[in-house]
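Asker: kindly generate the corresponding structure for this input.
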Amino acid sequence: MRRATGTIGFLAAALALICALPPTVRAQTAPPPPAGSATATPDNAVLLTVFLRHDQSRPLAELNAQLARQGFYKAFPPPGVEVVAWNVVMGIGQIVTLRLPASRLREVNRVLEDTAWGAYRTEFYPTYDYRAVGLAEHEKVR
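Answerer: Reported below is the predicted structural model:
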């Protein structure tokens, strides 16, 4: 019984210590990264397809008001990130394809976490441009 009491005492002391810490120390996520200055080049660029799935349990006006409150259109896409395509897909929401340096992937993710969540469920599909290779292979067999 003594061992169990000691364990409970230790856990209570550890919990008290954690609760005494300021919230910023207890947070599990790092602060948002500073806006990136890297630009996409052929050797560092990735394409990122983002599915922004609408919360269909709420009216569109309510979703748009939430996006405005959260600063979605002000923050997304971050400056210097190229929008390759931005489409509305009925029954899904929006599909956005971005071109950006791989080093800025976390920045784009954080912008969406901070401004899109709640109105959208997000899905991310990083890719790379294969067009030139695919077309060259096609031409070789012609």
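Asker: just the buried residues of stretch 76-92, please?
Answerer: 76-77, 81 (16 or more other Cβ atoms under 10 Å). Glycine gets a C-beta too; all of them are placed from N, C-alpha and C.
Asker: where does the residue lying closest to residue 127 once chain neighbours are set aside land in three-state SS?
Answerer: Of all residues not flanking residue 127 in the chain, residue 47 sits nearest, at 4.6 Å (Cβ to Cβ, 6 or more residues apart in numbering). Judged by DSSP: H, G, I helix; E, B strand; the rest coil, the three-state class of residue 47 is strand.
Asker: residue 47 contacts residue 102, correct?
Answerer: No - judged on Cβ atoms under 8 Å, residue 47 makes no contact with residue 102 at a distance of 10.6 Å.
Asker: which strands and helices sit next to the host helix or strand of residue 107?
Answerer: Residue 107 belongs to helix 105-115 when assigned by DSSP states H and E. On a contact count with 3 or more Cβ pairs under 8 Å, 6 or more residues apart in numbering; DSSP states H and E, helix 105-115 meets strand 45-54, helix 60-70, helix 72-75, strand 120-127.
Asker: point out the most buried one among these.
Answerer: Counting by mean count of other Cβ atoms under 10 Å, strand 45-54 has the highest mean neighbour count of the helices and strands packed on helix 105-115, with a mean of 18.
Asker: let me see the mean pLDDT of it.
Answerer: Average pLDDT, strand 45-54: 94.
Asker: can I get it as CSV, trimmed to CA atoms?
Answerer: Output of strand 45-54 as CSV, limited to C-alpha atoms (Å, rounded to 0.1, in the frame of the first residue of the first chain):
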residue,chain,number,x,y,z
ALA,A,45,9.3,23.3,-55.6
VAL,A,46,6.5,21.0,-54.5
LEU,A,47,2.9,21.1,-55.5
LEU,A,48,0.4,20.9,-52.6
THR,A,49,-3.2,20.0,-53.4
VAL,A,50,-5.4,21.0,-50.5
PHE,A,51,-9.0,19.7,-50.1
LEU,A,52,-11.1,22.2,-48.2
ARG,A,53,-14.2,20.1,-47.4
HIS,A,54,-17.2,22.2,-46.4
